[in-house]
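>>> sequence and computational prediction follow.
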Amino acid sequence: MAVPGTFFTSSLAYIEQVCDAYVGEQVAAVARAIEPAAFTFLGVYVVLWGFASMFGAIREPLKDMAERVLKVSLVFGVGIGLAEYNTVVTETFLHGPDELAAATAALTSCSARASTSGGSSGRRRACSTATLACTSLPWQYGR
(Lines give C-alpha, C1' and ligand atoms only; values in the text may rest on other atoms or scores of the structure.)
Protein backbone atom coordinates (compact mmCIF):
# COMPACT_ATOMS: atom_id res chain seq x y z
CA MET A 1 0.00 0.00 0.00
CA ALA A 2 1.24 3.48 -0.80
CA VAL A 3 2.36 5.75 1.99
CA PRO A 4 -0.16 8.54 2.72
CA GLY A 5 0.98 11.89 1.38
CA THR A 6 3.28 10.39 -1.24
CA PHE A 7 1.07 11.56 -4.10
CA PHE A 8 0.96 15.14 -2.86
CA THR A 9 4.62 15.19 -1.93
CA SER A 10 5.74 13.93 -5.31
CA SER A 11 3.27 16.19 -7.14
CA LEU A 12 4.41 19.30 -5.29
CA ALA A 13 8.06 18.38 -5.79
CA TYR A 14 7.44 18.00 -9.52
CA ILE A 15 5.58 21.33 -9.70
CA GLU A 16 8.35 23.06 -7.78
CA GLN A 17 10.99 21.59 -10.09
CA VAL A 18 9.11 22.69 -13.22
CA CYS A 19 8.53 26.19 -11.85
CA ASP A 20 12.18 26.58 -10.82
CA ALA A 21 13.34 25.52 -14.27
CA TYR A 22 10.86 27.83 -16.01
CA VAL A 23 11.77 30.86 -13.91
CA GLY A 24 15.47 30.17 -14.38
CA GLU A 25 15.13 29.90 -18.15
CA GLN A 26 12.98 33.03 -18.41
CA VAL A 27 15.30 35.18 -16.31
CA ALA A 28 18.25 34.08 -18.44
CA ALA A 29 16.24 34.80 -21.61
CA VAL A 30 15.37 38.30 -20.41
CA ALA A 31 19.02 38.97 -19.55
CA ARG A 32 20.09 37.81 -23.01
CA ALA A 33 17.40 39.98 -24.61
CA ILE A 34 18.38 43.22 -22.85
CA GLU A 35 22.13 42.60 -23.00
CA PRO A 36 22.72 44.28 -26.42
CA ALA A 37 20.74 47.38 -25.46
CA ALA A 38 22.42 47.58 -22.07
CA PHE A 39 25.90 47.41 -23.59
CA THR A 40 24.93 50.00 -26.23
CA PHE A 41 23.80 52.37 -23.48
CA LEU A 42 27.02 51.62 -21.64
CA GLY A 43 28.99 52.70 -24.73
CA VAL A 44 26.98 55.94 -24.98
CA TYR A 45 27.59 56.56 -21.28
CA VAL A 46 31.36 56.14 -21.70
CA VAL A 47 31.39 58.49 -24.72
CA LEU A 48 29.43 61.15 -22.84
CA TRP A 49 31.68 60.79 -19.82
CA GLY A 50 34.71 61.16 -22.11
CA PHE A 51 33.30 64.39 -23.61
CA ALA A 52 32.61 65.74 -20.12
CA SER A 53 36.19 64.92 -19.14
CA MET A 54 37.60 66.58 -22.28
CA PHE A 55 35.66 69.80 -21.73
CA GLY A 56 36.70 70.06 -18.06
CA ALA A 57 33.36 69.25 -16.47
CA ILE A 58 35.05 66.60 -14.30
CA ARG A 59 37.64 67.89 -11.81
CA GLU A 60 39.36 64.62 -10.86
CA PRO A 61 39.19 62.42 -13.97
CA LEU A 62 41.23 59.44 -12.70
CA LYS A 63 39.51 59.13 -9.35
CA ASP A 64 36.09 59.72 -10.90
CA MET A 65 36.83 57.20 -13.67
CA ALA A 66 37.89 54.54 -11.16
CA GLU A 67 34.70 55.03 -9.14
CA ARG A 68 32.47 54.94 -12.20
CA VAL A 69 34.16 51.85 -13.66
CA LEU A 70 33.74 49.99 -10.37
CA LYS A 71 30.07 50.96 -10.07
CA VAL A 72 29.23 50.11 -13.67
CA SER A 73 31.14 46.82 -13.47
CA LEU A 74 29.24 45.88 -10.33
CA VAL A 75 25.86 46.76 -11.86
CA PHE A 76 26.54 44.91 -15.11
CA GLY A 77 28.14 41.96 -13.34
CA VAL A 78 25.18 41.48 -11.04
CA GLY A 79 22.46 42.47 -13.48
CA ILE A 80 23.59 40.71 -16.63
CA GLY A 81 26.20 38.16 -15.56
CA LEU A 82 24.41 36.57 -12.62
CA ALA A 83 21.18 36.16 -14.54
CA GLU A 84 22.80 33.25 -16.36
CA TYR A 85 23.52 31.50 -13.05
CA ASN A 86 20.31 32.34 -11.21
CA THR A 87 19.16 28.72 -11.07
CA VAL A 88 22.28 27.77 -9.13
CA VAL A 89 21.90 30.74 -6.80
CA THR A 90 18.17 30.14 -6.34
CA GLU A 91 18.58 26.44 -5.61
CA THR A 92 21.38 27.16 -3.16
CA PHE A 93 19.34 29.65 -1.16
CA LEU A 94 16.01 27.80 -1.36
CA HIS A 95 17.09 24.19 -0.93
CA GLY A 96 20.57 24.48 0.58
CA PRO A 97 19.53 25.15 4.21
CA ASP A 98 17.15 22.16 4.23
CA GLU A 99 19.78 19.84 2.84
CA LEU A 100 22.47 21.20 5.16
CA ALA A 101 20.18 20.71 8.16
CA ALA A 102 19.35 17.17 7.04
CA ALA A 103 23.02 16.32 6.55
CA THR A 104 23.96 17.90 9.89
CA ALA A 105 21.15 16.07 11.69
CA ALA A 106 22.24 12.79 10.15
CA LEU A 107 25.85 13.49 11.12
CA THR A 108 24.92 14.52 14.68
CA SER A 109 22.63 11.56 15.33
CA CYS A 110 25.14 9.22 13.75
CA SER A 111 28.04 10.45 15.87
CA ALA A 112 25.87 10.27 19.01
CA ARG A 113 24.88 6.67 18.26
CA ALA A 114 28.45 5.70 17.43
CA SER A 115 29.81 7.18 20.67
CA THR A 116 27.19 5.54 22.90
CA SER A 117 27.49 2.08 21.40
CA GLY A 118 31.22 1.87 20.91
CA GLY A 119 30.95 2.60 17.19
CA SER A 120 30.56 -0.53 15.14
CA SER A 121 31.90 -0.59 11.59
CA GLY A 122 28.39 -0.15 10.14
CA ARG A 123 27.80 2.99 12.17
CA ARG A 124 31.24 4.32 11.25
CA ARG A 125 30.40 3.72 7.60
CA ALA A 126 27.08 5.60 8.02
CA CYS A 127 28.90 8.47 9.73
CA SER A 128 31.44 8.69 6.94
CA THR A 129 28.58 8.71 4.42
CA ALA A 130 26.87 11.55 6.32
CA THR A 131 30.18 13.43 6.49
CA LEU A 132 30.66 12.97 2.75
CA ALA A 133 27.12 14.26 2.08
CA CYS A 134 27.72 17.28 4.31
CA THR A 135 31.06 18.17 2.75
CA SER A 136 29.90 17.71 -0.85
CA LEU A 137 26.68 19.71 -0.38
CA PRO A 138 27.88 23.04 -1.87
CA TRP A 139 29.02 21.32 -5.08
CA GLN A 140 25.77 19.43 -5.66
CA TYR A 141 24.13 22.18 -7.73
CA GLY A 142 27.10 22.95 -9.96
CA ARG A 143 26.17 22.37 -13.57
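Okay, I see it. Numbering: from 1, shown residues only.
>>> grab the longest helix from this structure for me.
Secondary structure of the chain per DSSP state H: the longest helix is helix 6-54.
>>> now do that helix, average pLDDT.
Mean pLDDT, helix 6-54: 87.
>>> how far does that helix sit from the chain's center?
The chain centre lies 14 Å from the centre of helix 6-54; the measure is Cα atoms, centre = their mean, to the nearest Å.
>>> run through who's touching stretch 47-66.
Arg68 (Cβ atoms under 8 Å, 6 or more residues apart in numbering). Heads up, the C-betas are built off the backbone N, CA and C, glycines and all.
>>> okay, buried residues for it please.
Trp49, Ile58 (16 or more other Cβ atoms under 10 Å).
>>> compute the first-to-last residue distance for that stretch.
16 Å (Cα to Cα, to the nearest Å).
>>> check stretch 78-97 too.
From start residue to end residue, stretch 78-97 stretches across 23 Å - Cα to Cα.
>>> most remote residue from the middle of the protein, which is it?
Phe55 (43.8 Å; Cα atoms, centre = their mean).
>>> from Val47, how far off is that one?
13 Å (Cβ to Cβ, to the nearest Å).
>>> do Gln17 as well
46 Å.
>>> next: Tyr14.
Distance from Tyr14 to Val47, by Cβ to Cβ: 50 Å.
>>> same check on Ala83?
26 Å.
>>> now swap in Val72 and tell me
13 Å.
>>> and Thr90, by the same measure?
36 Å.
>>> what of Pro97?
Taking Cβ to Cβ, one finds Pro97 at 46 Å from Val47.
>>> just give the closest residue to the spatially most central residue of the chain, not the sequence neighbours.
Geometric centre of the chain, nearest residue: Val89, 1.4 Å, by Cα atoms, centre = their mean. Distances taken as Cβ to Cβ, 6 or more residues apart in numbering place Leu82 nearest to Val89, at 6.8 Å, with adjacent residues excluded.
>>> having no further points to raise, I will conclude here.
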